[in-house]
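Chemist: Sequence first, then the predicted structure, then my questions.
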Amino acid sequence: MIIRIDSHVVDAINRLIEQYRESEDLHKIIEAFVQQIQFLEDAAYEFRNRLDPNELEGELLDRFGVIVDQDRLGLEDDFYRLLLLAKIGINVSEGEAERIITVFKLLTRATHVQYMNLGGGEIELATDGTLDESFINFVFDLMQRTVAAGVRIDEFIFHDADAPFSFDGPNVSVPSAGFGTVADANIGGKFAYLRRFIPTFAFDGDDISSSGFGSTQDVIVGGGFVTL
């Protein structure tokens, strides 16, 4: 966190050794030099705020979007800010797991994101955030540009942050619940929602949602293996 300092002149004078503390002429000399530092501090802080999407709105957000190459797409300011922050992460991403987690957390407004390496250049992302169904494919395209070349995102998993469904056991690390009752729909854990983006692996058949082996020239082609 960057904190603005507005007392450079006073701080500089207070650092004088005792024998010069009362010298008004020396104070004026120090003030003449240090006031320039204060000016730079003020200007830099003001400039920083002009390039912080959290401090912008309306047309200024649109101008910031031009800088990071992200159109508004008809979005309200709140979600557009998140999209801009995510786009910044995408622009500088080199496929690091932490970068992927950060971007996905922003886009889904999550407090917790889980990155799972499925092997074979395939990953899965789980979040306790939410995302409108109409934006899922768009977000998938953004996330696919965040991961490293040759890596494919198989699926998104959305789970409730407060009461996810799970069976009781020693490895349950978050508050969760099992089955409820037909008499009260509010009792019990909430099932996760899975959104899969690629066909599962299968040898040729009638199921159009599956695919066989890919190609050594393109590791993204072909069905995704199911992990157990």
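Modeler: Noted; the coordinates are in hand.

Chemist: Any regions of this structure where pLDDT drops low?
Modeler: Within the chain, the stretches with pLDDT under 70 are 1-2, 46-52, 168-176, 185, 198-228.

Chemist: just the strands in it please.
Modeler: If DSSP state E is used as the criterion, the strands of the chain fall at 113-119, 122-127, 152-158, 193-196, 200-201, 210-211.

Chemist: how far away is the residue nearest the centre of the chain from Glu57?
Modeler: Centroid check for the chain by CA atoms, centre = their mean gives Val103 as the closest residue, at 2.5 Å. Using CB to CB, to the nearest Å, one gets 22 Å for the distance from Val103 to Glu57. To be clear about C-beta, it is placed using only N, CA and C from the backbone, and glycine gets the same treatment.

Chemist: The residue nearest to the centre of the chain contacts Thr146, correct?
Modeler: Yes. With contacts counted by CB atoms under 8 Å, Val103 reaches Thr146, the gap being 5.2 Å.

Chemist: what do those two both touch?
Modeler: Counting by CB atoms under 8 Å, 6 or more residues apart in numbering, the residues touching both Val103 and Thr146 are 89-90, 93.

Chemist: mind putting these in TSV, neighbour count included?
Modeler: Formatted as TSV, the shared contacts of Val103 and Thr146 follow (neighbours: other CB atoms under 10 Å):
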residue	neighbour count
Gly89	19
Ile90	21
Ser93	17
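
Chemist: JSON lines for those, including distance to Phe167?
Modeler: Converted to JSON lines, these look like this (distance: CB to CB, whole Å):
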{"residue": "Gly89", "distance to Phe167": "35"}
{"residue": "Ile90", "distance to Phe167": "37"}
{"residue": "Ser93", "distance to Phe167": "36"}
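
Chemist: ok, the residue nearest to Val147 when sequence neighbours are not counted to Ile3 distance?
Modeler: Closest residue to Val147 apart from its sequence neighbours, by CB to CB, 6 or more residues apart in numbering: Gly95 at 5.3 Å. In this view, Gly95 and Ile3 are 33 Å apart by CB to CB.

Chemist: Sweet, I'm off.
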